[in-house]
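In: how does the following fold in three dimensions:
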Amino acid sequence: MKKIAIALMAALLLASLSSCAKKESGKKSSDDRPTIRLVTDATGIDDKSFNAAAWRGIVEFYGESVESAKSRGSLYDVVTCQTQDQYLPTLKQLADEGYDLICATGFTFADAITEIADEYPEQKFMIVDVDWVGRPNVKEFVFHEEEGSYLVGLAAACQAQAEGIANPKFGFIGGVPGSTITKFEMGYIQGLRAVYPDAEILDYYANDWGKPELAKTQAKNWYNMGVYAIFSAAGGTGNGTIAQAKEMQFAGNNVWAIGVDSDQYADGVYAEGKSAVLTSMIKRVETSTLIALNEVADGKFKGGVVNLALKDDGVDYSKANNALDIKAIDTVESAKVDIVSGKIKIIPTYKEALAEGAAPAGLGAIDD
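Out: Numbers count the residues shown, from 1 in each chain. Predicted coordinates for the structure are as follows:
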């Protein structure tokens, strides 16, 4: 009997050790909540816009805050890739570690995600701003950026009108050109031209998400030549536009920056109650990370494309700045209703916008 008892105890101990080993290799949490790793480009989660929004959604899922991310390093964390050649090995390492979900932010990760998804068919992935991966283990999120951008363009134009500016010039600064950023620019232009059909529009692409000095220099040049408002869809690069607008406003110049992805009002504050960020195009990237994590937790995760538009609360604009004219707000709120109903149709591609006369020729936007 003693031998049988010892054998049973040994078997139970072995089973227990085996179970623990499996749990550790799969990176499961002790309370069975899913684990996730966010992978970003060099701008990281301190870009104050795109990546920061994805991070907020992750932290919110766990009932924590960005300021008090208690479960960081265990349930969730972020890995920042300084260069694109780090994308593939980083994703591979994370897949080997066995987290429940791996999230990549931005279309520059598309090729790497596609390759790794094939190599690890059981691993769950999600990617933002991509709808062409087409793998059963990859959830892809795309936004109707043109709708939110139309709103901020309309707001800026209405603000200029309220201030009695006859022929205002407007600028757009993009990060890396591509179809996603083109949607930002096209929507913005159509919002501006709803008020000023012949408005002069300038654009510039920095070809980088993390060089604010490039946007700051361009913004300074444009503001000095009479540009009234600049909308930047450039990740961390766009923070240079806000920095320059703050300097100009502090010096008494009537210029505006327009934020992107997150509400960047606070980043533009240069005096009590005063911000150089007139409004921000809010892209609720946090919604995508929340959706994916909830599906993993509920055992309902599946690959495919999710579109998030204005009607889905996927995009919006900020009214945080008290300087934003009340009539401008009324006009934008009315436009929101018309966009959702389909009365206002916004062209998302440069090719079609050119053909319809909705955008000027010679812009840096591309549809690829």
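In: now the strands for this protein?
Out: Using DSSP state E, the strands of the chain run over residues 36-40, 76-80, 101-105, 124-128, 138-143, 169-174, 200-205, 227-233, 256-261, 269-271, 274-275, 277-283, 304-308, 315-317.
In: which one of those strands is the most hemmed in?
Out: strand 256-261 (a mean of 31; mean count of other C-beta atoms under 10 Å). From N, CA and C alone the C-beta is placed, and that goes for glycine too.
In: what's the angle between that one and strand 138-143?
Out: 160 degrees (axes from the mean of the first three to the mean of the last three C-alpha atoms, to 10 degrees).
In: and strand 256-261, how far from the chain's centre?
Out: 13 Å (C-alpha atoms, centre = their mean, to the nearest Å).
In: and it, average pLDDT?
Out: Strand 256-261 comes out with an average pLDDT of 96.
In: given that strand, what are its sheet partners and their directions?
Out: Strand pairing for strand 256-261, using DSSP bridges, gives strand 227-233 (parallel), strand 277-283 (parallel).
In: residues making contact with the first one?
Out: Which is strand 227-233. Identification of contacts with strand 227-233 by C-beta atoms under 8 Å, 6 or more residues apart in numbering yields 145, 149, 152-153, 156, 159-160, 165, 168-175, 181, 184-185, 188, 202, 215, 219, 222-223, 238, 240-242, 245, 254-260, 278, 281.
In: which stretch among the strands paired with strand 256-261 comes nearest Ile127?
Out: Comparing the strands paired with strand 256-261 against Ile127 with C-beta to C-beta, the closest turns out to be strand 277-283 (14.9 Å).
In: send the alpha carbons of that closest one over as PDB?
Out: What follows is strand 277-283 as a C-alpha-only set of coordinates in PDB (Å, rounded to 0.1, in the frame of the first residue of the first chain):
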ATOM      1  CA  VAL A 277      -4.400  73.400 -30.400                       C
ATOM      2  CA  LEU A 278      -7.800  74.500 -31.800                       C
ATOM      3  CA  THR A 279      -9.200  71.000 -32.000                       C
ATOM      4  CA  SER A 280      -8.000  67.500 -32.500                       C
ATOM      5  CA  MET A 281      -9.100  64.700 -34.900                       C
ATOM      6  CA  ILE A 282      -9.800  61.900 -32.400                       C
ATOM      7  CA  LYS A 283      -9.200  58.400 -33.700                       C
END
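In: give me the neighbour count for Glu163.
Out: 11 (other C-beta atoms under 10 Å).
In: how about it: what's its closest non-neighbour residue?
Out: Asn254 (7.1 Å; C-beta to C-beta, 6 or more residues apart in numbering).
In: ok, the one you found - how many residues close by?
Out: Residues near Asn254, counting by other C-beta under 10 Å, number 12.
In: related to what we said a few turns ago, with distance to Lys70 added, can I get the strands of the chain in CSV?
Out: Shown next, in CSV, are the strands of the chain (distance: least, C-beta to C-beta, whole Å):
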stretch, distance to Lys70
strand 36-40, 15
strand 76-80, 10
strand 101-105, 19
strand 124-128, 23
strand 138-143, 26
strand 169-174, 37
strand 200-205, 40
strand 227-233, 33
strand 256-261, 25
strand 269-271, 29
strand 274-275, 31
strand 277-283, 27
strand 304-308, 29
strand 315-317, 29
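In: Thr114: which of these is closest?
Out: Closest approach to Thr114 among these is made by strand 138-143 (7.8 Å; C-beta to C-beta).
In: what angle sits between that closest one and strand 124-128?
Out: Angle, strand 138-143 to strand 124-128, by the same axes, to 10 degrees: 20 degrees.
In: next one: strand 138-143 to chain centre, how far?
Out: In terms of C-alpha atoms, centre = their mean, the centre of strand 138-143 is found 12 Å from the chain centre.
In: name the helices or strands packed onto that strand?
Out: With contacts taken as 3 or more C-beta pairs under 8 Å, 6 or more residues apart in numbering; DSSP states H and E, strand 138-143 sits against helix 110-119, strand 124-128, helix 285-297, strand 304-308.
In: alpha carbons of it, as PDB, please.
Out: What follows is strand 138-143, C-alpha atoms only, in PDB (Å, rounded to 0.1, in the frame of the first residue of the first chain):
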ATOM      1  CA  VAL A 138      -5.100  38.300 -37.500                       C
ATOM      2  CA  LYS A 139      -7.800  40.800 -36.600                       C
ATOM      3  CA  GLU A 140      -7.300  44.000 -38.700                       C
ATOM      4  CA  PHE A 141      -8.700  47.400 -37.700                       C
ATOM      5  CA  VAL A 142      -9.200  50.300 -40.100                       C
ATOM      6  CA  PHE A 143     -10.800  53.700 -39.400                       C
END
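In: same question for it, mean pLDDT?
Out: Strand 138-143 carries an average pLDDT of 97.
In: go on, stretch 110-121?
Out: Predicted confidence along stretch 110-121 averages 97 (mean pLDDT).
In: buried sites along that stretch?
Out: The neighbour-count check on stretch 110-121 (16 or more other C-beta atoms under 10 Å) flags 110, 112-114, 116-117, 120 as buried.
In: that stretch: how far from the chain's middle?
Out: How far stretch 110-121 lies from its chain's middle: 21 Å, per C-alpha atoms, centre = their mean.
In: what's the answer for stretch 51-71, then?
Out: Remark: stretch 51-71 is offset 15 Å from the chain centroid, using C-alpha atoms, centre = their mean.
In: can I get it in CSV? Just the C-alpha atoms.
Out: Extracted in CSV, the C-alpha atoms of stretch 51-71 (Å, rounded to 0.1, in the frame of the first residue of the first chain):
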residue,chain,number,x,y,z
ASN,A,51,0.4,54.6,-30.0
ALA,A,52,-0.7,56.4,-26.8
ALA,A,53,-4.3,55.7,-27.7
ALA,A,54,-3.7,52.0,-28.3
TRP,A,55,-2.0,51.8,-24.9
ARG,A,56,-4.9,53.5,-23.2
GLY,A,57,-7.3,50.9,-24.5
ILE,A,58,-5.0,48.1,-23.2
VAL,A,59,-4.6,49.6,-19.7
GLU,A,60,-8.4,50.3,-19.5
PHE,A,61,-9.2,46.7,-20.3
TYR,A,62,-7.4,45.7,-17.1
GLY,A,63,-9.2,48.4,-15.0
GLU,A,64,-6.0,50.4,-14.6
SER,A,65,-4.7,53.7,-15.7
VAL,A,66,-1.7,55.0,-17.7
GLU,A,67,-0.5,56.7,-14.6
SER,A,68,-0.9,53.6,-12.5
ALA,A,69,-0.3,50.6,-14.8
LYS,A,70,0.2,48.1,-12.0
SER,A,71,0.0,45.0,-14.2
